[in-house]
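Asks: let me see the structure of the following:
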Amino acid sequence: MAKTPDDKDEKRLEILQGTLDMLILRTLLWGPQHGHGIGQAIASQSDDLLKVETGSLYPALHRIEKRGWLKSEWGVSEANQKAKYYRLTAAGKAQLSRERDRWSQLVAVMGRIMNPAQAGKE
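Replies: From the prediction side, this is the model:
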């Protein structure tokens, strides 16, 4: 029998290319977290409309760490399992600020394109 998607699956949004790094950096502003916790936090903060797949999350974490925006160290999770915890570096905070500025510009531009009548009223 074929699985029928529930309402949440149908409403789930795809993360735009290039925004995952920003979401990870933003999530780590709240403090160090292990990979699974980062994915859960993004889902929770989006009311489960954004789900970061493991195959996207961990390569992104490794890429961001290589860029010096994160540091990691091994620790023990809430489930008493060994887990790698990531924390934001000063360079990561600066990058998040740049990403936030770019995101604001993108949202403004898209708003003007999608709602040209409202853009002229501002």
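Asks: any idea of the mean pLDDT in the longest helix along the chain?
Replies: Using DSSP state H, we find that the single longest helix of the chain is helix 90-114. What helix 90-114 shows for mean pLDDT is 94.
Asks: and it, what's buried?
Replies: Residues of helix 90-114 classed as buried under the neighbour-count rule (16 or more other C-beta atoms under 10 Å) are Gly92, Gln95, Leu96, Glu99. C-beta: built from backbone N, CA, C; applies to glycine.
Asks: state the distance from the residue nearest to the spatial centre of the chain to Asp47.
Replies: The centroid of the chain falls nearest to Leu23 when counting by C-alpha atoms, centre = their mean (2.3 Å). Using C-beta to C-beta, to the nearest Å, Leu23 is found at 14 Å from Asp47.
Asks: ditto for Met110
Replies: Taking C-beta to C-beta, one finds Met110 at 21 Å from Asp47.
Asks: same question, Pro116
Replies: 30 Å.
Asks: one more: Gly18?
Replies: Noted for Gly18: a distance of 22 Å to Asp47, by C-beta to C-beta.
Asks: what are the ranges of the strands in the chain?
Replies: 33-34, 70-76, 82-88 (DSSP state E).
Asks: so where's this protein shaky on pLDDT?
Replies: 1-10, 13, 15-17, 119-122 (pLDDT under 70).
Asks: Gly31 and Arg87 touch, don't they?
Replies: Yes - using C-beta atoms under 8 Å, Gly31 is in contact with Arg87, at 7.5 Å.
Asks: more crowded one of the two?
Replies: Comparing Gly31 with Arg87 by other C-beta atoms under 10 Å, the one with more neighbours is Arg87, at 13 against 9.
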